[in-house]
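Colleague: Here is my input, please return the structure:
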Amino acid sequence: MLPRMHIDSGSQSSDASPSVAAMTESEIPAGADMSGRLTAAQFSSLPGVTDWRVVFGGGYAAAHFRTGSFAAGLALFEAIGELTSASGNDPDVDVRPEGITVRLSTPAVQGPTSRDADLARAISAAAARLRAPADPAAVQHVQVALDAMDIAKVRPFWRAVLGYPEVGDEDLVDTHRQGPTFWFQQMDSPRTERNRFHIDIYVPNDLVQARIDAALAVGGRIVRDNGPYWWTLADPEGNEVDLAIWG
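Modeller: As a prediction, the model looks like this:
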């Protein structure tokens, strides 16, 4: 399973106990993770990483730098390439005319480590030299969550139509890391009064309230308040989304 929270958007689950990924960092015993993987709190407490946010249940650290042009983006991309060649740590880099998004993670531990933090610090310094400011509001991870009675029957269909491989026993993940991840939530009984398909959006802790306020301002409503962990919102016709902060 990918290292991220368990979201309950109204389906009934037989497992009510929180996983380690669903705990706040203060609840995780010190030294519980001996792999070198940093929690969101540990990563964020390091010096020089204020541009970065840990999202997707601690799966990776990400930053977006506004370059303003494709040429400026290529200059930052070249600087990142030199830094990664020296560190031996390969990030995901998405270059667009308006900016660059960088995602850092160590595959062996499925999350960021101190080595990723070192590279993050160096990339931020390079961006500052090139006058490319960070924009934390542009950092998020989108996940599609499907509630199902028989996941073993439903998941192969989505695997086939998406062309995604399975990761663990719950997730379908785009190998190119471009499309949203798909996650399947077990239901104990059929549900017909509400939708069984919702979107999960992982956003930085310091930005989630602005997203909630914006949604409410245009006719949305809060269906379930599980703050400070996640909030289930619905549009005017009842389609749901979970805004989640866990890193």
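
Colleague: Which other helices and strands does the helix ranked longest in the chain contact?
Modeller: Ranked by residue count under DSSP state H, the longest helix found in the chain is helix 70-87. The contact analysis (3 or more Cβ pairs under 8 Å, 6 or more residues apart in numbering; DSSP states H and E) places helix 70-87 against strand 92-96, strand 99-104, helix 114-129. Glycine gets a C-beta too; all of them are placed from N, C-alpha and C.

Colleague: let's see it at 6 Å
Modeller: If you count contacts as 3 or more Cβ pairs under 6 Å, 6 or more residues apart in numbering; DSSP states H and E, helix 70-87 packs onto helix 114-129.

Colleague: What average pLDDT does the helix it packs on get?
Modeller: For helix 114-129, mean pLDDT is 97.

Colleague: can you pull the alpha-carbon coordinates of it into CSV?
Modeller: Taking C-alpha atoms only, helix 114-129 is exported to CSV below (Å, rounded to 0.1, in the frame of the first residue of the first chain):
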residue,chain,number,x,y,z
SER,A,114,17.2,13.8,4.5
ARG,A,115,18.9,13.3,1.2
ASP,A,116,15.8,14.6,-0.5
ALA,A,117,15.7,17.6,1.9
ASP,A,118,19.3,18.4,1.0
LEU,A,119,18.4,18.4,-2.7
ALA,A,120,15.3,20.5,-2.0
ARG,A,121,17.4,23.1,-0.2
ALA,A,122,19.8,23.3,-3.1
ILE,A,123,17.0,23.6,-5.7
SER,A,124,15.4,26.4,-3.7
ALA,A,125,18.7,28.2,-3.7
ALA,A,126,19.0,27.8,-7.4
ALA,A,127,15.5,29.1,-7.9
ALA,A,128,16.2,32.1,-5.8
ARG,A,129,19.3,32.9,-7.8
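
Colleague: Now the element after it, going C-ward?
Modeller: Beyond helix 114-129 on the C-terminal side, the first helix or strand identified by DSSP states H and E is strand 141-148.

Colleague: tell me the pLDDT at Phe56?
Modeller: For Phe56, the model assigns a pLDDT of 85.

Colleague: all numbers from here: first residue = 43
Modeller: OK, 43 is where the count begins now, so the last one is Phe98.

Colleague: Touching, it and Tyr244? I think so.
Modeller: Yes: judged on Cβ atoms under 6 Å, Phe98 makes contact with Tyr244 at a distance of 5.2 Å.

Colleague: shared neighbours of the two, anything?
Modeller: Common contacts of Phe98 and Tyr244, defined by Cβ atoms under 6 Å, 6 or more residues apart in numbering, comprise His183.
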